[in-house]
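**Student:** based on what follows, work out the 3D shape:
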Amino acid sequence: MMVPAALMLLGALTAVVAPRLLARADWPDREPVVALWMWQCVVVAVLLCCALSMTLSAAAAWAAVRGHVFAPAPHEVVEAYALSTGNPWAATTAVALACGGMWTAAMLVREVARARRRRRQRRAELLVRAPLLPGEEPGTDRLVVLEGERADAWWLPGTAPQLVITTAALRRLKGRQLDAVLAHEQGHARARHDWLLHCSAALANGFPQVPVFAAFRDEMHRLVELAADDMASRRFGRLTIALALVGLNEDRGVFGPCPTSEAHVPQRVNRLLTPPDRLTAARRLRLTAAAALVPVVPLLVTFVPGLRALG
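**Tutor:** Got it, this is the predicted structure:
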């Protein structure tokens, strides 16, 4: 039972140390795509520790599970894990972790179902506010203009994604700013940021007492916007994106002294107007490789006893 305990300790250590290291680092805002990858690898490592610990604990608790898990393995490998010691905590650990896994899956299903329901409601509202003309097919236009006094624009994902924009926003956005907003929203769709938000929200809502999952959700919301800003700025320039953000948000009080729910918008504008220096390609590659190694550590902890026994 030493390996399941080591995996749980490793998962807890990763969940505590990794978010603190990322919070202290000065590069995530400079390289949001690399930071997104790093966060995903950290969370996958934590979940992998739990899944592997659950599997080995179940193998220690029940002979039937042990027979399936170690079916092709020689007897020396099974003995190396010391699973037949009759530890009373093995069954409790396995059941608790299995319940956590099922709860995570249920939260993800609920999050996706809620997102689809909100999408259907928005499309129904869109048909009411912008009804189809005779002979017009639904979803044929990628840009839909709504009459409205509030400057707003949002991406409506789905099989036929559309950018919805109000007439007030059209009056505000000048020149290539509308194209920049469209490129920003297309960046979200192309990188499938919605799935990152669904997964992070499912973990944070399912386990509100686990700080790493709450930090994962908050960082995903922030970093996906920075990444989409960078995608659009490569085509239309940082100043164009910054002016578009100001035009869409200046009436919402986000640039005032009082904090709002959109407090990240001024930070995004400042970042676009005074862009930090990007990391070198070599350092980006090193960070990407280091992040990819984080989920490998639980696998090494799991398989090292068996490999030693074979050796």
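
**Student:** tell me how far Arg308 lies from Glu79.
**Tutor:** According to CB to CB, to the nearest Å, Arg308 and Glu79 sit 11 Å apart. In this view, the C-beta of every residue, glycine as well, is placed from N, C-alpha and C.

**Student:** again but with Asp26, I slipped
**Tutor:** 49 Å.

**Student:** the two: who's more crowded?
**Tutor:** Neighbour totals were compared for Asp26 and Glu79, and Glu79 leads with 12 against 7 (other CB atoms under 10 Å).

**Student:** ok, now which ones touch the closest residue to that one other than its chain neighbours?
**Tutor:** If the residues on either side of it in the chain are set aside, Glu79 comes closest to Ala309, at 7.1 Å by CB to CB, 6 or more residues apart in numbering. Counting by CB atoms under 8 Å, 6 or more residues apart in numbering, Ala309 makes contact with Pro74, Glu76, Val77, Glu79, Ala80.

**Student:** what is the neighbour count of the last one?
**Tutor:** Right, the one you point to is Ala80. Here the number of neighbours of Ala80 (other CB under 10 Å) works out to 18.

**Student:** quick one: what helix or strand has the residue nearest to it when sequence neighbours are not counted in it?
**Tutor:** Nearest non-adjacent residue to Ala80, counting by CB to CB, 6+ apart: Ala309, 3.8 Å away. Using DSSP states H and E, Ala309 sits within helix 296-310.

**Student:** tell me the buried residues in that helix?
**Tutor:** Residues of helix 296-310 classed as buried: Pro298, Val301, Thr302, Pro305, Gly306, Ala309 (neighbour count, 16 or more other CB atoms under 10 Å).

**Student:** return the distance of that helix from the chain's centre.
**Tutor:** 29 Å (CA atoms, centre = their mean, to the nearest Å).

**Student:** so Val254 sits against Val265, correct?
**Tutor:** Yes: Val254 is within contact range of Val265, at 4.6 Å (criterion: CB atoms under 8 Å).

**Student:** spatially, what comes nearest to the residue minimising distance to the centre of the chain if we skip its sequence neighbours?
**Tutor:** Nearest to the mean C-alpha position of the chain, counting by CA atoms, centre = their mean, stands Leu196 at 3.0 Å. Spatial nearest neighbour of Leu196, excluding adjacent residues (CB to CB, 6+ apart): Met220 at 5.1 Å.
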